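J.: Model the following, please.
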Amino acid sequence: MNTAYQVFVRNRLGKRVEMVNDFSSLSMTLNYNKAGKWTLILAAGTDAARALEEEQSGIIVTKNGKTVMSGLKRKMKRDWDRSKDTLEINGVDDLGWLENRTLYPDPAGPPFNTEYDTRVGAAESVIKAYIQHNFGLLARTERRIPGLLVERDYGRGNTVRGDARFHSAPAFLEGLALIGEIGYRIVDMVFETYIPKKNQSVLFGADWGNLSAFSYAVEAPKANCVIARGKGSGKAAYAEAADSDSIRRWGRIEMFVNESSTASEEKLLQKANETLAKNGERISLTITPNEFGYAFGEDYDIGDIVRVDLDSGSVEGQVQQATITINQSGETVKPVIGTSGEQGAVLELFAKMDDLDG
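T.: So this is what the prediction gives:
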């Protein structure tokens, strides 16, 4: 077992109450600006197992003393036979607190005295304000997420505009972060934002001696032409955003978005572009670095830009996901790198891979 990692059980107040000394495996999937998930298997009947059976319990995972992930319990399963007695706990990381939560048009309501909660500024400032007023210390008491704090605002990221009106918090905040080019997470019940590193010095490849395996996937877009309709009639009530390269590759795939709450052409165009970015073609490369590679969480992290050199060329993209597995065999990290921008070049690269494989 990798002794650099430690797992603690936390209670409903977020306090560490037990160390898990006898787990057989732990798997964590961390996502960029989305809730991740985890699975812990440990011996049943231990102090740690009993602590995890308590209401609103969860875990905190550290590596060399630094918190890697903290999260909530969502499911328990006990597995017993004459040779074993184990407890399997499944959960989500702390961004899961935002699931099934809504951004009110007036955080002080009900009653609602404004149609929208409009905020304009640096992406970090806007996102933290929505969190603080809807779920943090400035929210109504009954809406506060227990123990949630928001770190200091540094005003980072591109300028964004948000018009919240009963929107789903995860989707709304992810859209703002996409435009603002900023990442966010909740660690140890502190909401944090960060600027991903465009760290092109982090290179993976067989020739570099730090890549054991890779796989790639290409998926057609859900939309490459988005029409957003606002309130009113006439030309000003519509905005369109399209990806001509994607249309050439996949054909025209249209999506309609109803934004009847606004007549602003600027807002409609922002919504159309945001929807287009979320529903574009998906190209992902999953790699398995070896023990001679860069250290995840130290040399690179979720959201960072890295490069992978393959036999048919290079792929540069963002680390959008990483799955970390710890068991008796040691630690395995599998990052998923999603590409953006010059996706046509990546598709050509994949075509070359197919030619080589053939």
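J.: do you know how far the closest residue to F166 other than its chain neighbours is from G230?
T.: Using CB to CB, 6 or more residues apart in numbering and skipping the chain neighbours, the partner closest in space to F166 is T102 (5.5 Å). For every residue, glycine as well, the C-beta is placed using N, CA and C. Remark: distance between T102 and G230 (CB to CB, to the nearest Å) = 22 Å.
J.: hmm, back to that, got the contact list for the residue nearest to F166?
T.: N134, F166, H167, S168, A169 (CB atoms under 8 Å, 6 or more residues apart in numbering).
J.: after the strand or helix carrying A35 comes which helix or strand?
T.: Element membership for A35, per DSSP states H and E: strand 34-43. Sequence order places helix 47-52 as the next helix or strand after strand 34-43, per DSSP H and E.
J.: What lies in contact with that next one?
T.: 9, 11, 17-22, 40, 42-43, 57, 59, 73, 76, 87, 89.
J.: thinking again about what came up before, sheet partners, orientation included, of the strand holding A35?
T.: With DSSP bridges as the test, strand 34-43 is paired with strand 23-31 (antiparallel), strand 84-93 (antiparallel).
J.: follow-up on the earlier one: and the contacts of T102, which is closest to L95?
T.: Ranked by distance to L95 (CB to CB), the contacts of T102 are led by A169 at 10.0 Å.
J.: Now the helix or strand hosting L178: average pLDDT?
T.: Element membership for L178 (DSSP H and E) is helix 169-180. Averaging pLDDT along helix 169-180 gives 94.
J.: Show me what the closest residue in space to N327 that isn't next to it in sequence is bridged to.
T.: Nearest non-adjacent residue to N327, counting by CB to CB, 6+ apart: S25, 4.1 Å away. With DSSP bridges applied, S25 shows beta-bridge pairing to I41, N327.
J.: Quick check, S25 in contact with T325.
T.: Yes - contact criterion CB atoms under 8 Å: S25 and T325 qualify, at 7.0 Å.
J.: and the contacts of T102, which are buried?
T.: For these, a burial check counting by 16 or more other CB atoms under 10 Å picks out N134, H167, A169.
J.: Just send the residues you listed back as CSV, with distance to L285 too.
T.: Formatted as CSV, the buried ones among the contacts of T102 follow (distance: CB to CB, whole Å):
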residue, distance to L285
N134, 36
H167, 32
A169, 30
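J.: I'd like to know which of the contacts of helix 47-52 are part of helices.
T.: In helices, judged by DSSP state H, none of the contacts of helix 47-52 are found.
J.: Now which of these would you call buried?
T.: Applying the neighbour count, that is 16+ other CB under 10 Å, the buried entries in those are V9, E18, V20, L40, L42, A43, S57, I59, K73, L87, I89.
J.: which one among the buried ones among the contacts of T102 gets closest to I253?
T.: H167 (24.3 Å).
J.: If we ignore the residues flanking it in sequence, what's nearest the closest one?
T.: L103 (5.0 Å).
J.: residues of stretch 178-187 that come out buried?
T.: L178, I179, G180, I182, G183, Y184, R185, I186, V187.
J.: list the contacts for A277?
T.: Contact analysis of A277 by CB under 8 Å, 6+ apart lists L178.
J.: send the alpha carbons of the helix or strand hosting it over as CSV?
T.: In this assignment (DSSP H and E), A277 forms part of helix 265-278. Extracted in CSV, the C-alpha atoms of helix 265-278 (Å, rounded to 0.1, in the frame of the first residue of the first chain):
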residue,chain,number,x,y,z
GLU,A,265,-28.3,40.5,-28.0
GLU,A,266,-25.1,40.4,-25.9
LYS,A,267,-26.6,37.9,-23.4
LEU,A,268,-28.1,35.8,-26.1
LEU,A,269,-24.8,35.5,-28.0
GLN,A,270,-23.0,34.7,-24.8
LYS,A,271,-25.5,31.9,-24.1
ALA,A,272,-25.2,30.6,-27.7
ASN,A,273,-21.4,30.5,-27.5
GLU,A,274,-21.5,28.9,-24.0
THR,A,275,-23.9,26.2,-25.2
LEU,A,276,-21.8,25.6,-28.3
ALA,A,277,-18.7,25.1,-26.2
LYS,A,278,-20.4,22.6,-23.9
